[in-house]
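Enquirer: Turn this into a structure:
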Amino acid sequence: MAIARGVLGHVVLNVRDLKKSERFYRDILGMAVSGRNRRTKMSFLSFGAEHHDIALMELPRGAKRIGGDGVPGLHHFCVYVDDDKAVDNLYPVLQKRGIDVVSGPEILEVAQNRSVSFLDPDGNRVEVACNRNKFVRRRRARRK
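Expert: Reported below is the predicted structural model:
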């Protein structure tokens, strides 16, 4: 039986430097650290509604990143914001910090969302896009 309704729970990323990646997600996306597992070298970060939206797991030194040799890897993940200005205001921050911008800010052809994509310290592509409808639905659901 297929899943009738689903919501993305979280994304876990392999990273080379846990502290550097944690700092990136706090400073650039405004996430808060909600937990750490020092034994497994993991950090859990949240936007506030869930325990964690993103988890970071440090690879052992010298480990090859999974993704080459014909094994598909993560293309990108997206964080929705409720206003085009949030996308546009992020762009100068990325430039000032020397973060590689892959695309945008731009209006996406299919979804018609305002979007900017950039790379985290490990080369994972992160997209921040405006999706007002997602926030309108959530506000309506809270009122009921």
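Enquirer: same for the host helix or strand of S34, what does it pack against?
Expert: In the assignment (DSSP states H and E), S34 maps to strand 32-37. In terms of contacts (3 or more Cβ pairs under 8 Å, 6 or more residues apart in numbering; DSSP states H and E), strand 32-37 is packed against helix 18-29, strand 42-46. Quick note: C-beta positions are derived from backbone N, CA and C, even for glycine.
Enquirer: Which elements pack onto the helix or strand just after the last one?
Expert: Going back to what we said before, that points to strand 42-46. Using DSSP H and E, the helix or strand that directly follows strand 42-46 along the chain is strand 54-58. Counting contacts by 3+ Cβ pairs under 8 Å, 6+ apart, strand 54-58 is packed against strand 11-15, helix 18-29, strand 42-46.
Enquirer: do you know which of those lies nearest D83?
Expert: Nearest of the helices and strands packed on strand 54-58 to D83, taken as Cβ to Cβ: helix 18-29 at 15.1 Å.
Enquirer: so that closest one versus strand 54-58, what angle?
Expert: 160 degrees (axes from the mean of the first three to the mean of the last three Cα atoms, to 10 degrees).
Enquirer: Could you report the distance from A49 to A32?
Expert: 11 Å (Cβ to Cβ, to the nearest Å).
Enquirer: Between these two, which has more neighbouring residues?
Expert: When neighbours are counted by other Cβ atoms under 10 Å, A32 comes out ahead of the other of A49 and A32, with 12 against 7.
Enquirer: That one touches R26, doesn't it?
Expert: Yes - with contact defined as Cβ atoms under 8 Å, A32 reaches R26; the gap is 7.1 Å.
Enquirer: where do the contact lists of these two overlap?
Expert: L45 (Cβ atoms under 8 Å, 6 or more residues apart in numbering).
Enquirer: Kindly reformat the helices and strands packed on strand 32-37 as TSV containing mean neighbour count.
Expert: Output for these, formatted as TSV (neighbours: other Cβ atoms under 10 Å):
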stretch	mean neighbour count
helix 18-29	17
strand 42-46	20
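Enquirer: which one of these lies closest to E109?
Expert: Comparing the helices and strands packed on strand 32-37 by Cβ to Cβ, helix 18-29 comes nearest, at 24.4 Å.
Enquirer: How about residues contacting the closest one?
Expert: So helix 18-29 is contacted by 13, 15, 31-33, 41-43, 45, 47, 54, 56-58, 79, 90, 93-94, 97, 99, 120-122, 126, 128 (Cβ under 8 Å, 6+ apart).
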